[in-house]
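Peer 1: I need the structure of the sequence given here:
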Amino acid sequence: MAHTAICRESLSGPLSSCSAAVDLEWPFGKLDGLDQDDIRETAYEIFFTSCRSSPGFGGRTAIAYYSSSQTSDNAEGGSPVAGGQGRANGVGMAPNSRVKRALGLKMIKRSQSKRMVSGWATIGGISAPSSPNRHSTGPKFLSPGVAQTVPPSRARRPLTSAEIMRQQMRVTEQSDNRLRKTLMRTLVGQMGRRAETIILPLELLRHIKPSEFGDSHEYHIWQKRQLKVLEAGLLLHPSIPLEKSNTFAARLRDVILSGDSKPVDFGKNTDVMRTLCNSVVSLSWRSPSGTPTDICHWADGYPLNVHLYITLLQSIFDVRDETLVLDEVDELLELMKKTWSTLGINRSIHNVCFTWVLFQQYVATSEMEPDLLCASHAMLVEVSRDAKKPDRDAIFVRILSSVLSSMREWSEKRLHHYQDYFSRGMVGLIENILPLALTASAICSEDAMLPVTAAGHEKSDSVLDSTGDRVDDYIRSSLKNEFTKMIKTSSFNQAMDAKQEAVEALLSLAKETEDLALREREYFSPIMKKWHPFAAGVAAVVLHNCYGAVLKRYMASSPKLSSETVSVLQRAGKLENFLVQMVVEDSTECEDGGKSLVREMAPYEVESIILKLLKQWIDEKLRKGKECLRQAKETETWNPKSKTEPYAQSAVELMRLIKETVDEFFDIPIGITEDLIQDLADGLGHLFQDYISFAASCGSKQSYIPSLPPLTRCHRASQFVKIWRNVTPCSVGVEDGHGIGSNDGHNPRPSTSRGTQRLYIRLNSLHYLLTHLHSLNKTLTLSPRVSPSRNRFTNRRQQGKTSSYFDIARGSIQAACQHVSEVAAYRLIFLDSNNVFYENLYAGDVANARIRPVLRTLKQNLTLLCAILTDCAQPLAVKEIMKAAFEAYLMVLLAGGNSRVFYRGDHKMIDEDLAGLKRAFASCGEGLIAEDVVDREAEVVEGVVALLGQATEQLIEDFSILTCETSGIGVMGAGQKLPMPTTTRRWHRSDPNTILRVLCHRNDRAANHFLKKSFRMAKRR
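Peer 2: Numbers count the residues shown, from 1 in each chain. Below is the predicted model:
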């Protein structure tokens, strides 16, 4: 109900703390046309009338009349707060209160001397003692009779119950005097009349004249109040349902309506008065069955009766301190009991109303007095006993339902937000509110006629069938609500739009969540544990799941690995460990050790998420590397990056990307294990392999080696030889010879083509990678952040005794360097130097085509090679050129075609040329190739050259023997021919095919005859 409604329904005037009750719903409905002052004055009139026979309410001699409640209700016994035995003198002198003792309320116990000195206070314009228990000083608060008989000098006396009630309910002396006069006039000649048979508003309208008021307006307001009370009790809220066709009701409505704008003349003999009397009496004395009755019903309809009775009950609170209950509460409640017959109240309804009044007063006074809440709970326990009785009436159930619903809504609103409502100094209040909420819930759950759910409650009572379940629900709801509040306070939803702000918000939220868990464990869990064995554990579970949901949302929006994401995950892992430990510590007495609670905690899986993200990060970096390779394959021209960096741009880009990847990898704030290092190294190794394959994709040496010409026999009458000798006169000595293609003979230029130079850049690029592999492996191996691991990668490395993460890549680079060097060498010798080497060396005549031009060109090419290739790439490249040169030299001697003719006498010149070729390589650079290496590589060539110096007969004999041995013939028989040996291109002095080729190039009769006879070999043209 609205704030103003709560304040209006409050009894004791304008409470100073009405704002505290803003969210407490008034459970008894609204009375149209009657405000709180109207209800208060009417309640006092009914109270005074019902207590007229009690001491202190009449003249010097109390008028003797009887109330049916004095016998019937006193006989019920039971609750100590339903009213006790009144004191004979009607004076509030109770040193102790049975009601207060039963409800746990403290006594005010003001001292006599203080009461004497304090004097009078003014409250709401009514003179009143500072406490009703204090002594009065003058006759104005006494009854008229007493005031006339007590001398002014008489000592102060305690206030009577009537005076206390008048002061508590803020009734003026004028109103009180008018009421007393009316009762005197009404009861003249009817001394035995029961109070509940007096229709008080009607009697007041009959006996009080306008002249008794200050002016007509004051009288009109008073008259309207009496008519509105009759309307509420007889027309709007009758205890017995009213038929629509009731003529008395219609007449009464007309009378009431006529008094709205101006006062009605209720003179004794007027028609209006007669109509009013007839209508009111007829409506008041109805019975449900229509038979005559002796029970008058004018103020016992719901909710009018409860409004009036609640107003009476609220008068028990001290007007000076509304958190205190008057010490005279026993006598006041006993007097209020006399109104039960008029208002239709019984003990059960009284208990419910009294429970509500105590509870409402606690709320209205800003929850400052826990004793009021405890007293309300004590009364609620009494109500629970009444609720179990089989003979409950419908009004009791209706009232109980409304009261419990309002009390539960208020208390559970706080219990579902207890982290928010109860600060550290107010935590103890939960111990008072929680039992009340649990008792109210228990009453509702045990009674099918009562509501099973308080307004706004998440779960039904059928689900929360035990105290533990309800407390569990309070814990879960409160922490969820507090967590939601933290999110709203930190503007987390808005922060999610900005990555950095989201990270800061999550880190802050984790800290706040941990602080909230600590606060819960320290302040609230010890209290909740009285009703729930694992209160702290449940709180930890709730906070874990709440933060997990936020973390999941963040990870869905930030799926990539970054230092910020890792910091969030690591902080979440720390929070998770803390909350799990909190569950374990709180569940030591649990049979399963808290496993059931832990199972409710959906694990954050921080390590697996980080590992997954890290693998995704590695895959993303490798994808970028592959993209770099793809672009390189499309754009790389194998030109040097610069003069100082003689390697390809693609190699530089690849290494830059890989180095950045490794640096960023170690910048990620996670525990690096050997497994992760191995994963990264494997991925980088694949990148290296792809690039190495790309760099090595330069063809093969076979594409540069010329095909072998067909074997022919040489003879002295060869036309080519004759022509050559006629053209070129004989010249002896290698120093004086002029090679073909010598480029002016004295200043030859390198014959290295651009294609060969690009192959050198490939070699440099491969060696550039090889050089960086070492530093890269050192970074991965010696990083202090790497922790040992015991899974498959470590085991594999230990078993394989691998000393480097990039052994495979290193081996591939070395193989690629070997291949590229070989291709570059054969291209240089067989393509770039073809015109001075294979095509012209010894062409036509050895003496006139010596090796000197070849050596000059070779030296220039080697000089250019050393200028282009890096130092580490030079030895292998020069060695491969040496091999290719020896291969070309052998092909000149053994497969030179029709242009080559050798005589046995040429052996010396050829041997000198070979020695010069060997010296060219042995002296290249600063010891690029050792002499023993040159000698070892030249052994095959030297063996073939030695064959050139042997006699033809010896060559034929050796050839025949070796051919028979290799073919398996053994000893040649008569008429048997030698088989043609297979060409293997593995030249060697003991190879039959090599010897055969020497014979084919030997220009003498014996060789010519042997070849013609044995193989029918064609002669040269």
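Peer 1: Please save the CA atoms from whatever helix or strand Glu912 lives in in PDB.
Peer 2: Per DSSP states H and E: Glu912 is located in helix 907-922. The C-alpha trace of helix 907-922 is given here as PDB (Å, rounded to 0.1, in the frame of the first residue of the first chain):
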ATOM      1  CA  HIS A 907      97.700 -37.500 -71.700                       C
ATOM      2  CA  LYS A 908     100.300 -35.100 -70.400                       C
ATOM      3  CA  MET A 909      98.400 -32.000 -71.400                       C
ATOM      4  CA  ILE A 910      95.200 -33.300 -70.000                       C
ATOM      5  CA  ASP A 911      96.800 -34.200 -66.800                       C
ATOM      6  CA  GLU A 912      98.300 -30.700 -66.500                       C
ATOM      7  CA  ASP A 913      94.900 -29.200 -67.200                       C
ATOM      8  CA  LEU A 914      93.300 -31.300 -64.400                       C
ATOM      9  CA  ALA A 915      96.000 -30.200 -62.000                       C
ATOM     10  CA  GLY A 916      95.200 -26.600 -63.000                       C
ATOM     11  CA  LEU A 917      91.400 -27.200 -62.300                       C
ATOM     12  CA  LYS A 918      92.200 -28.700 -58.900                       C
ATOM     13  CA  ARG A 919      94.400 -25.700 -58.000                       C
ATOM     14  CA  ALA A 920      91.600 -23.300 -59.000                       C
ATOM     15  CA  PHE A 921      89.300 -24.800 -56.300                       C
ATOM     16  CA  ALA A 922      92.000 -25.400 -53.700                       C
END
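Peer 1: elements contacting that helix?
Peer 2: Applying 3 or more Cβ pairs under 8 Å, 6 or more residues apart in numbering; DSSP states H and E, we find helix 907-922 packed against helix 852-868, helix 874-894, helix 931-948. In short, each C-beta sits where N, CA and C put it, glycine included.
Peer 1: what's the angle from the second one to helix 907-922?
Peer 2: The one in question is helix 874-894. 170 degrees (axes from the mean of the first three to the mean of the last three Cα atoms, to 10 degrees).
Peer 1: what distance separates helix 874-894 from the centre of its chain?
Peer 2: Centroid separation between helix 874-894 and its chain, computed with Cα atoms, centre = their mean, to the nearest Å, is 70 Å.
Peer 1: Next: the last one.
Peer 2: Averaged C-alpha coordinates place helix 931-948 at 78 Å from its chain's average position (Cα atoms, centre = their mean).
Peer 1: Listing request: residues of the stretch 751-900 of the chain with sub-threshold pLDDT.
Peer 2: 787-803 (pLDDT under 70).
Peer 1: residue ranges of the strands in it, please?
Peer 2: Under the criterion DSSP state E, counting those that start in this stretch, the stretch 751-900 of the chain contains strands at 786-787.
Peer 1: which residue packs closest to Asn432, ignoring adjacent ones?
Peer 2: Using Cβ to Cβ, 6 or more residues apart in numbering and skipping the chain neighbours, the partner closest in space to Asn432 is Leu373 (4.3 Å).
Peer 1: who's in contact with the one you found?
Peer 2: Counting by Cβ atoms under 8 Å, 6 or more residues apart in numbering, Leu373 makes contact with Leu358, Phe359, Tyr362, Glu367, Leu429, Asn432, Ile433, Leu436.
Peer 1: again, only this time at 7 Å
Peer 2: Applying Cβ atoms under 7 Å, 6 or more residues apart in numbering to Leu373 gives the contacts Tyr362, Asn432, Ile433, Leu436.
Peer 1: Quick one: these as JSON lines, columns for pLDDT and neighbour count too.
Peer 2: Shown next, in JSON lines, are the contacts of Leu373 (pLDDT from 0 to 100; neighbours: other Cβ atoms under 10 Å):
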{"residue": "Tyr362", "pLDDT": "93", "neighbour count": "27"}
{"residue": "Asn432", "pLDDT": "88", "neighbour count": "18"}
{"residue": "Ile433", "pLDDT": "91", "neighbour count": "23"}
{"residue": "Leu436", "pLDDT": "90", "neighbour count": "25"}
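Peer 1: quick one: which of the residues you listed sit in strands?
Peer 2: Among those, no residue falls in strands (DSSP state E).
Peer 1: buried set for the helix holding Glu912?
Peer 2: Within helix 907-922, the residues that count as buried by 16 or more other Cβ atoms under 10 Å are His907, Met909, Ile910, Asp913, Leu914, Gly916, Leu917, Lys918, Ala920, Phe921, Ala922.
Peer 1: tilt between that helix and helix 931-948?
Peer 2: Calculated by the same axes, to 10 degrees, helix 907-922 forms an angle of 160 degrees with helix 931-948.
Peer 1: for helix 907-922, the distance to its chain's centre please.
Peer 2: Helix 907-922 sits 81 Å away from the centroid of its parent chain (Cα atoms, centre = their mean).
Peer 1: follow-up on the earlier one: nearest to Asp254, of the buried residues of helix 907-922?
Peer 2: Nearest to Asp254 out of the buried residues of helix 907-922 is Phe921 (Cβ to Cβ; 138.7 Å).
Peer 1: before we move on, back to that, check the offset of the strand or helix carrying the residue nearest to Asn432 from the chain's centre.
Peer 2: For Leu373, the enclosing helix or strand under DSSP H and E is helix 370-387. With Cα atoms, centre = their mean as the basis, helix 370-387 stands 43 Å off its chain's centre.
Peer 1: The chain should start at 32 in everything you say after this.
Peer 2: With 32 as the first residue, the last one maps to helix 401-418.
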